[in-house]
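Asks: need a 3D model of the following:
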Amino acid sequence: MRQVPLRRSLFLQFLGLSVLPLVAVTLIVAAVMFRDLIDGVERQTAALGNAVRDQIEARLAGRQAAVELLGYAMTQQADAAADQRLMRELVRVDPFVDALYAAVKDGTIEKVVFGPSAERQENDMLGIDVSLRPFFQAARATQKTVWSDTFLSTLTGRVAAAVAVPVGAGVLVAEISLLSLSRAVAELAGPTGDLIMILDSRGRIIGYQDAALASRQVSVQHLELVREGIAGRSGSGRFDWQGTRYLGSVSNIGRTGWTVLVARATENVYAQLFRLGWALAGGLALALIGALAAALMLARNSERRYRQLLEAADSYAQAKEPSPVRFDILEFDQLWQNLRRLFEQVERRDAETRVARHQLQTVFDATTEVSIIAARADGMITVFNRGAEKLLGFDAANMAAASPC
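Replies: Sure thing, here's the model as predicted:
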């Protein structure tokens, strides 16, 4: 069996007793704390998504209200010139509107106004048929305001989205500039690096910090979180976008049929968790160093007491008078006093044993020697050996001339 020094054995025992509970408690606390923090981060992300959605919804609702108010005004008058002036004023004050036109029942455009960035002439667009546009058909069929998915505008030649308001038998359509919408999204994102996307009902980007993606009708429907949002279910989750891992949330924008996706890079989201993890690791390392030092000190002190006890016992074993020994631990001191009494009893019994052994040896010697006594015919003793002396207790010199009778 392999033997180890006492100090090492005690050190390992003390270390195990101190380190194992420390590590176990740290891991349990870290697991609970991290789970709560992760849940909190996800709730914050969802709250951020809702806040961004509310801002976007408010901006879109303002545009919708303006177009609806213009449509109502157009139904209250029969002045084409006045309608044109109102339409031009709306386009002038709202940079989101890229083109504004009124189509009659059969889908033919009879009035049109372009924004300042348009490169086409308004008169050239009169008479264009938009009856096949889904938003035109939906607005006429439901007689309700309809927000469209992205489409390539026949009027501007650019990708746009539209809000269509029924006006009598016709429809008033405001085409929304995706560039302006993307600029608004970039303002909401600010310098934080948050990812904000406005998506249509088919998962295509309407507004994003990078307006080029919106103008190319890039679809992100492959993301499971986006599919959940398109289906009308708000929620949060993780996804990869352009080589970066994100934690995001989706929510629906009112009755537009659009979805807003708000996300943050996980490395930024979990930066606080990483800092906390390093702090816990540092604290655990310091605690382990303290545990090592404490275990070493306890092992050294315990070894000193055992060695003191061993040296005192060794002095007794070598028949030396040990110097007075006192221990700072009550149980050690009581053990030493009991050992001293035991040693004294052993020593006393050893002395008694030596005396008894001597006496026994004397008897044994007497019983093992042959007694020889010889006498003449007249009865005089001539031989009286040592065995006879021991057996009978008489001196041979006195018995040599004596008669056995």
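
Asks: which residues sit in contact with M297?
Replies: Counting by Cβ atoms under 8 Å, 6 or more residues apart in numbering, M297 touches no other residue. C-beta coordinates here come from the backbone N, C-alpha and C atoms, glycine included.

Asks: after whichever strand or helix holds it, which helix or strand is next?
Replies: Assigned by DSSP states H and E, M297 belongs to helix 271-317. The helix or strand immediately downstream of helix 271-317 is helix 330-368, counting by DSSP H and E.

Asks: quick check: mean pLDDT across that next one?
Replies: Model confidence over helix 330-368, given as mean pLDDT, is 72.

Asks: okay, angle between it and helix 271-317 too, please.
Replies: Put simply, helix 330-368 runs at 30 degrees to helix 271-317, going by axes from the mean of the first three to the mean of the last three Cα atoms, to 10 degrees.

Asks: quick one: S131 and Q137 touch, right?
Replies: Yes: with contact taken as Cβ atoms under 8 Å, S131 and Q137 are classed as touching, separated by 7.3 Å.

Asks: show me where the stretch 151-300 of the chain has strands.
Replies: 151-152, 159-167, 170-177, 195-199, 205-208, 235-241, 244-253, 258-265 (DSSP state E, counting those that start in this stretch).

Asks: what helices or strands is the first one leaning on?
Replies: Read it as strand 151-152. When contacts are defined as 3 or more Cβ pairs under 8 Å, 6 or more residues apart in numbering; DSSP states H and E, strand 151-152 packs onto strand 159-167.

Asks: quick one: the strand it packs on to strand 195-199, angle?
Replies: Orientation check (the same axes, to 10 degrees): strand 159-167 against strand 195-199 gives 50 degrees.

Asks: buried residues in strand 159-167?
Replies: By 16 or more other Cβ atoms under 10 Å, the buried positions in strand 159-167 come out as V159, A160, A161, A162, V163, A164, V165, P166, V167.

Asks: and V165, how far is that from E119?
Replies: V165 is 26 Å from E119, where distance means Cβ to Cβ, to the nearest Å.

Asks: okay, and Q44 sits in which element?
Replies: Using DSSP H and E, Q44 sits within helix 6-75.

Asks: give the rounded mean pLDDT of that helix.
Replies: Mean predicted confidence for helix 6-75 is 76.

Asks: what do you get for stretch 126-144?
Replies: 93.

Asks: that one: end-to-end distance?
Replies: This stretch, stretch 126-144, spans 24 Å end to end (Cα to Cα, to the nearest Å).

Asks: report the distance from it to the chain centre.
Replies: 54 Å (Cα atoms, centre = their mean, to the nearest Å).

Asks: mind listing what's buried in it?
Replies: V130, R133, F135, F136, Q137, A138, A139, R140.

Asks: which one of those is nearest to A66?
Replies: A139 (16.2 Å; Cβ to Cβ).

Asks: so that closest one is in which element?
Replies: Under the assignment here (DSSP H and E), A139 is part of helix 134-142.

Asks: tell me which other helices or strands that helix touches.
Replies: strand 146-147, strand 159-167, strand 170-177.

Asks: now for the longest one, which elements pack on it?
Replies: When you say that, I think you mean strand 159-167. Using 3+ Cβ pairs under 8 Å, 6+ apart, strand 159-167 sits against helix 6-75, strand 97-103, helix 134-142, strand 146-147, strand 151-152, strand 170-177, helix 178-189.

Asks: mind checking the ones you listed for the one nearest to Q221?
Replies: Nearest of those (Cβ to Cβ): strand 151-152, 16.5 Å.

Asks: sorry, back to before: output the helices and strands packed on strand 159-167 as a markdown table; include the columns distance to A265.
Replies: Below are those laid out as a markdown table (distance: least, Cβ to Cβ, whole Å):
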| stretch | distance to A265 |
| --- | --- |
| helix 6-75 | 11 |
| strand 97-103 | 32 |
| helix 134-142 | 35 |
| strand 146-147 | 30 |
| strand 151-152 | 32 |
| strand 170-177 | 28 |
| helix 178-189 | 12 |
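
Asks: to S251, which of these lies closest?
Replies: Comparing the helices and strands packed on strand 159-167 under Cβ to Cβ, the one sitting nearest is helix 6-75, at 4.7 Å.

Asks: just the CA coordinates for whatever helix or strand comes next after that closest one, please, in CSV.
Replies: Using DSSP H and E, the helix or strand that follows helix 6-75 in sequence is helix 80-93. C-alpha atoms of helix 80-93 as CSV (Å, rounded to 0.1, in the frame of the first residue of the first chain):
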residue,chain,number,x,y,z
ALA,A,80,-59.4,69.3,-60.3
ALA,A,81,-57.0,72.3,-59.9
ALA,A,82,-57.6,72.4,-56.2
ASP,A,83,-57.1,68.7,-55.9
GLN,A,84,-53.8,69.1,-57.7
ARG,A,85,-52.7,71.9,-55.4
LEU,A,86,-53.5,69.8,-52.3
MET,A,87,-51.7,66.8,-53.7
ARG,A,88,-48.6,68.9,-54.5
GLU,A,89,-48.6,70.4,-51.0
LEU,A,90,-48.7,67.0,-49.4
VAL,A,91,-45.7,65.8,-51.5
ARG,A,92,-43.8,69.0,-50.7
VAL,A,93,-44.1,68.7,-46.9
